[in-house]
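Asks: fold the following.
(2 chains)
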Amino acid sequence: MKIMYPERHGTPTASSADANYPVANLIDDRRKKVWKAASGVQAATLRVPISANAEAIAVHNTNAESAICTITLDSAEVELTDGQPAVNLGGGLVKIPSAGHGLSEGDVALMNGTTNYDGVHTMPTQAAGDGTNYVITATYAAETFSNTDTVCEVVESTTHTLETATRSYDRFWQEYTSQVAAHTATIKLTSGAGETIEVGIVRAGVLVDFPNPKYGLSESREDFSIKKQLNNGAWYIRKREIVRTYSGSFNMTRITEFYNMTDIYDATGPEPLSILLAEDINDLQWAFFGHILNPFSGSHQYPSYSEITINFTEAV
Amino acid sequence: MALLAELNVTKIGTWKDRAGEVVWKDTDDVVWKGSNVLFLSLEGFLGDHYWDEYIATFTPPQYSMAKGYGGHCKMSFGSLSVSPDTFEATLWPPPVSFNVSFFYTATTEGAKETLFSGVAYLAAIGREEITYDLYGEDLDADLLLEETNYDGDTVVLPRAFGVIQHQQPVRLADVGGKPTYHKAYVTGTKGVNWHVFDDGVDVDANATDLGNGSFTLSAGPVGEVTISGTGAAGTTLSTILTWACDPARLNQNYDSSFARAPSPDINYWASSQRVLIEFTSDLCSVHTHLTYINTNTQTLFLVALESDNGSRTLTEFDFFAVQYSYEPPVAQITVEWIMREAVEETIGKYIKDEDHNTFQKSSYTYGEEWDLKPFHNVRVDIDTMLSNIITNIHKPRMRVPLPLLGSLPVPGEKITLTDTSLRHSTTAVFHCRNITYDFTQDEIMVTGEGTIT
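Replies: Numbering: from 1, shown residues only, chains lettered A, B, ... in the order given. Got it, this is the predicted structure:
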């Protein structure tokens, strides 16, 4: 189990937003209160500023079918040259103007802010490039860049498939190499046809590691639906929010893990946390944003280990 | 069905610049536009924008008919409790008072309908909830106007409804040195449609209509001055409600589509001050009508208890367990009224108060005995009125909880249902009178009288 604490994210920006569902909704404590792209926009990019030492990011309650989450160091971000155009080199190669880009063949870079070239690119041969231009493999489209367009060498990039043939997930959890400096997560989200992309929660931060729960972790649901029996015995039902609940026991080393847990609970209490309840199984399944509504209980029954029981309730 | 609440706290807001030197405050004429309008809901609503799930409890709004046999179905609201999260630090402590509107919608924010608009007034600040009492738009218009009388006292001006006989008008300050009286809103031409009497003697010839709602007498009266005539507000229940809905009074649109035809006659001399809506409620109840106001359309509806103000038929998939009850029986209703007549006896002519009464018995001799105040003076009409009331109050009462789905039932709507949960299958047909809309429990409680077979 991993708990994201402390959190290190700032307020995200979005390539598209419904004015009534702003990006500020991404960092409140409610999954249901979402950020939405402008009506009908199925693909949008979130950029999440993250301060030093973070090593994970999680997204909860999204209708995206896929997400590409790319981590870049802020210090490595370079502007494209303002007012200069992309140049068609032929053969599927495009020359991009950017002084001081520092990119070499084989490097992986993220372009952001452009109209036609956003995304992750693996640098092809840079024979046609130089210190103020680099070359990417792309379908040429005429575009003149501005200084809000950037390129940055990628630390890590992961594609998350949230909708499979058998199951859909409304979340993803991505761990990455801890960054010693400020960095940015760029998340390109794509929803299904006819939908407007939306996300409830984004969290990024440091991970505190705990053992996985003991066998017997119980999972249930808290159902806020209204159910009443009609005159003939049938049921009137209005489905409302249903959230996941878990209850499990953990064997923790007392001196580190147990007291790490107490530190976290003392600091956050019942406020929601982003948690990976069980690692090395299926992060999509076990990623969780919710509360420890009641203080956990532990027993110090071994010299160096303590067993604790925790109940988790997903945030609405 | 989603309940939405819009809290407009701007009207009590204050703002100051960063140096803290200049303070702006809302006034009646100037409101800081666009600030601090809070959008709340019971469970979070994804509309044109997000309605935060900060409503903790909301007393179910309800229509309650004034009496078991008619009257005004007043929409009442209790209180609203919200999460302390509703008010950010800049709005803390919670504002004492603000305008609030409640809406409901089964689909989108654009389709929402107004349930209530009024004022919220802070009742309690708690750790878990902030509670406000809700106050509706008061229908506080008075029945009668006031004016200074001949003696310099402020008095109410009586009003004639329907045909009145030998009622005493208020004497106002003299005009041109002549005794002047208020006409009590009788209409038409003096000497033709209305008349003036001095101790029962017609003195129309001495009276001059000033055209401003008053008249003068050319000579001082020798006895009691009275007038007879017909009130400008009309002679029937429906015409009087038309008058009551005027913008100067209740300020409502008026709909009498389901009122009784012909509308019951009213003959009444109103000389005591009352709240107008309570007066019309009493008029309606004795004539087995109800009124209610749709705040969304600002319309007052007059509905006869026997009329169907819409209808719906329910299957057993459409309602929860029904309760059936009867009101205690009424053995007899008695009505007494006074007719003022000009009589001539050995002492001469004068205005005599003649007592009248009538009663209607039911077949339940062991029941209660009631006295009612009529707004009429024609015995046969009063007997009809009593008969209608007695019939109505002995009908079975159905109390039916419904899921909060589809269109909301309104007072006067007819509901038909068949209940197979009783020993024998039972069909109930009744009209909605008291209705409670419980958005937190997703339930509408409808109560009304009708028939069971």
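
Asks: pretty sure residue A:254 contacts residue A:308?
Replies: No. In this structure, residue A:254 is not within contact of residue A:308 by CB atoms under 8 Å, at 10.0 Å. C-beta here means a position set from N, CA and C on the backbone, and glycine is covered the same way.

Asks: the more surrounded of the two?
Replies: Legend: neighbour count by other CB atoms under 10 Å in any protein chain shown for residue A:254 and residue A:308, higher for residue A:308 (20 against 15).

Asks: and the residue in the stretch 201-350 of chain B positioned nearest to chain A, which of the three is it?
Replies: Nearest residue of the stretch 201-350 of chain B to chain A: residue B:316, at 3.6 Å (CB to the nearest CB). Under the three-state scheme (DSSP: H, G, I helix; E, B strand; the rest coil), residue B:316 adopts coil.

Asks: what strand or helix carries the residue lying closest to it once chain neighbours are set aside?
Replies: In this structure, residue B:316 finds its nearest non-sequential neighbour in residue A:232, 3.6 Å apart by CB to CB, 6 or more residues apart in numbering or on different chains. Under the criterion DSSP states H and E, no helix or strand holds residue A:232.

Asks: how many residues are close by residue 310?
Replies: I went with chain A, as the question did not name one. 23.

Asks: meant chain B actually
Replies: By other CB under 10 Å, 15 other residues sit near residue B:310.

Asks: hmm, it is touching residue B:411, no?
Replies: No. The pair residue B:310 / residue B:411 is not scored as a contact, 10.1 Å apart, by CB under 8 Å.

Asks: and the spatially closest residue to residue A:42 that is not a sequence neighbour, how far from residue B:44?
Replies: Nearest non-adjacent residue to residue A:42, counting by CB to CB, 6+ apart: residue A:191, 4.9 Å away. For residue A:191, the distance to residue B:44 equals 20 Å [CB to CB, to the nearest Å].

Asks: sec struct for residue B:279, please.
Replies: Here residue B:279 is helix, with the state taken from three-state DSSP.

Asks: list the contacts of residue B:117.
Replies: Listed by CB atoms under 8 Å, 6 or more residues apart in numbering or on different chains, the contact partners of residue B:117 are B:99-102, B:136-137, B:295.

Asks: and with 6 Å instead?
Replies: By CB atoms under 6 Å, 6 or more residues apart in numbering or on different chains, the contact list for residue B:117 reads residue B:101.

Asks: mind checking pLDDT for the closest residue to residue B:53 other than its chain neighbours?
Replies: Leaving aside its sequence neighbours, residue B:53 sits nearest to residue B:44 (CB to CB, 6+ apart; 3.8 Å). pLDDT, residue B:44: 92.

Asks: and the gap between residue B:44 and residue A:28?
Replies: As judged by CB to CB, residue B:44 and residue A:28 stand 12 Å apart.

Asks: the two: who's more crowded?
Replies: Taking other CB under 10 Å, residue B:44 and residue A:28 do not tie; residue B:44 has more neighbours (20 against 16).

Asks: now the residue nearest to residue A:42, what are its backbone angles?
Replies: Phi and psi for residue A:191, reported as degrees, to the nearest 10, are phi -100, psi 180.

Asks: neighbouring contacts of the top helix by length along chain A?
Replies: Counting by DSSP state H, the longest helix found in chain A is helix A:259-268. The contact list for helix A:259-268 (CB under 6 Å, 6+ apart) reads A:3, A:5, A:208.

Asks: and that helix, what's buried?
Replies: Within helix A:259-268, the residues scored as buried using 16 or more other CB atoms under 10 Å in any protein chain shown are A:260-261, A:264-265, A:268.

Asks: pLDDT (mean, whole number) over stretch B:185-204?
Replies: Rounded mean pLDDT across stretch B:185-204 is 94.

Asks: how close does residue A:168 get to chain B?
Replies: Going from residue A:168 to chain B by CB to the nearest CB, to the nearest Å gives 19 Å.

Asks: find me the pLDDT at the nearest residue to that residue once chain neighbours are set aside, would you?
Replies: The shortest distance from residue A:168 to any non-neighbouring residue, by CB to CB, 6+ apart, is to residue A:162 (6.5 Å). Note for residue A:162: predicted pLDDT of 97.

Asks: same question for residue B:21.
Replies: As summarised for this prediction, residue B:21 has a pLDDT of 54.

Asks: ditto for residue B:229
Replies: Note for residue B:229: predicted pLDDT of 96.

Asks: quick revisit: just checking, the residue nearest to residue B:53 touches residue B:55?
Replies: No. Between residue B:44 and residue B:55 there is no contact under CB atoms under 6 Å: 10.0 Å.
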